[in-house]
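Trainee: Need coordinates for the following:
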Amino acid sequence: MSNAQRIDAQGAVKYDEADLKAIVLTKLLSEKVADRKSFISNEFKLGPERRADIALFNGTDFIGVEVKSDFDNLKRLEGQHSAYSKVFDRIIVVVAERHLSRIVHGHCERADLWSVSPFGQVRLIREAQEAPIASKTALADLLQKSDLAKLVGVERGSRITRAALYSKLEEIDVEAVRAAVVQSFNGRFEISSRRFFKNVTGVEVMPRHLTRLSRFEQQRKNIRIHKRQNEQFWKEWAKVADEVFAVSD
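Mentor: Numbering: from 1, shown residues only. Here you go, the predicted model:
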């Protein structure tokens, strides 16, 4: 359990975001919505101001998960739901139980709604009432410029703005754009996904496992190692310097 959890005398828990993500991934794996061949991103960027808490491709569906913990509010949820509905095949909104009274009616109609009780029980509150409607432009936003250029048939090395590339999307079917996004997603997150599953035993995901989903985990680890080595070098040098300068005095 993470430090942000709060447990009362009855054992009820207030879950933070990492806890809910772990609970959701455990459920998706246990129900075979995802498996160890799936591709997963933690905090997947949807645009300059939006991120999906979890994005997942299971070989068939591109799934977006938004979680609202006991420590969150719902102010941004409708905007997040709208952004998700333009790019994902399936949306799951997972909320701490205390949020349910404010979300059941008239919200997130394109998403499955799950709740998590203070005792960790996950319930399906409501299935999606409408299917997401993909947007070619929103999907194209998920592509790197080089991949977008290849999609619309622009030669490598051509000087062309992203806006000009978007203008060529009219000639491309939305399913082709989706296929390119999925291909790009899988390529970007294959290594981190395999590393994640290597550390997960069975289907039980723990909050600590989420760090394995970072594509930059190794770089950060290398930076930390270099920092420690650097600090150790100067610490040892300080001792030598004290001796050298003491002699010269």
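
Trainee: Now do the contacts for residue 127.
Mentor: If you count contacts by C-beta atoms under 8 Å, 6 or more residues apart in numbering, residue 127 has them with residue 112. Every residue, glycine included, has its C-beta placed from N, CA and C.

Trainee: I'd like to know how far residue 199 sits from residue 23.
Mentor: 17 Å (C-beta to C-beta, to the nearest Å).

Trainee: So which of those two has more stuff around it?
Mentor: Shown here are residue 199 and residue 23; by other C-beta atoms under 10 Å, residue 23 has more neighbours (20 against 12).

Trainee: Show me what the closest residue to the more buried one other than its chain neighbours is bridged to.
Mentor: Distances taken as C-beta to C-beta, 6 or more residues apart in numbering place residue 116 nearest to residue 23, at 5.9 Å, with adjacent residues excluded. Beta bridges link residue 116 to residue 96, residue 122 when assigned by DSSP bridges.

Trainee: so who does residue 116 touch?
Mentor: Counting by C-beta under 8 Å, 6+ apart, residue 116 touches 15, 20, 23, 94, 95, 96, 97, 122.

Trainee: Now for the second one, which secondary structure element holds it?
Mentor: If you go by DSSP states H and E, residue 20 is part of helix 17-30.

Trainee: Which neighbouring elements make contact with that helix?
Mentor: Helices and strands touching helix 17-30, by 3 or more C-beta pairs under 8 Å, 6 or more residues apart in numbering; DSSP states H and E, are strand 51-57, strand 62-68, strand 90-96, strand 112-116, strand 122-126.

Trainee: what angle sits between the fourth one and strand 122-126?
Mentor: The reference is to strand 112-116. On the basis of axes from the mean of the first three to the mean of the last three C-alpha atoms, to 10 degrees, strand 112-116 is oriented at 140 degrees to strand 122-126.

Trainee: Ok, the first one next?
Mentor: Computed with the same axes, to 10 degrees, the direction of strand 51-57 lies at 100 degrees from that of strand 122-126.

Trainee: can you list contacts of strand 51-57?
Mentor: 17, 21, 24-25, 28, 34, 38-46, 62-67, 84, 88, 182, 185-186.

Trainee: Give me the buried positions along the helix holding residue 20.
Mentor: Buried positions in helix 17-30, judged by neighbour count with 16 or more other C-beta atoms under 10 Å: 17-29.

Trainee: same thing with stretch 132-147?
Mentor: 132, 134, 136, 138, 139, 140, 141, 142, 143.

Trainee: Ramachandran angles for the fifth one?
Mentor: To tie it back to what came earlier, the one meant is residue 139. With angles defined as degrees, to the nearest 10, residue 139 sits at phi -60, psi -40.

Trainee: where does it land on pLDDT?
Mentor: Looking at residue 139, its pLDDT reads 96.

Trainee: Not including adjacent chain positions, what is the nearest residue to it?
Mentor: Residue 139 sits nearest to residue 177 (C-beta to C-beta, 6+ apart), 4.6 Å away.

Trainee: if I look at that neighbour, how far off is residue 143?
Mentor: Taking C-beta to C-beta, one finds residue 177 at 8 Å from residue 143.

Trainee: any idea how far residue 40 is from residue 72?
Mentor: Residue 40 is 21 Å from residue 72, by C-beta to C-beta.

Trainee: Equivalent analysis for residue 205, please.
Mentor: Residue 205 is 20 Å from residue 72, by C-beta to C-beta.

Trainee: So, low pLDDT: which residues of this protein?
Mentor: 1-11, 104, 106, 215-227, 233-234, 237, 240-249 (pLDDT under 70).

Trainee: Let's see that with 50 instead.
Mentor: The chain contains residues with pLDDT under 50 at 1-4.

Trainee: Going along the chain, name the helices of it.
Mentor: For the chain, applying DSSP state H gives helices covering 17-30, 77-85, 136-140, 145-151, 162-167, 174-199, 217-248.

Trainee: Can you name the residues that contact the spatially closest residue to residue 79 that is not a sequence neighbour?
Mentor: Using C-beta to C-beta, 6+ apart and skipping the chain neighbours, the partner closest in space to residue 79 is residue 50 (7.6 Å). Taking C-beta under 8 Å, 6+ apart, we find residue 50 in contact with 79, 80, 83.
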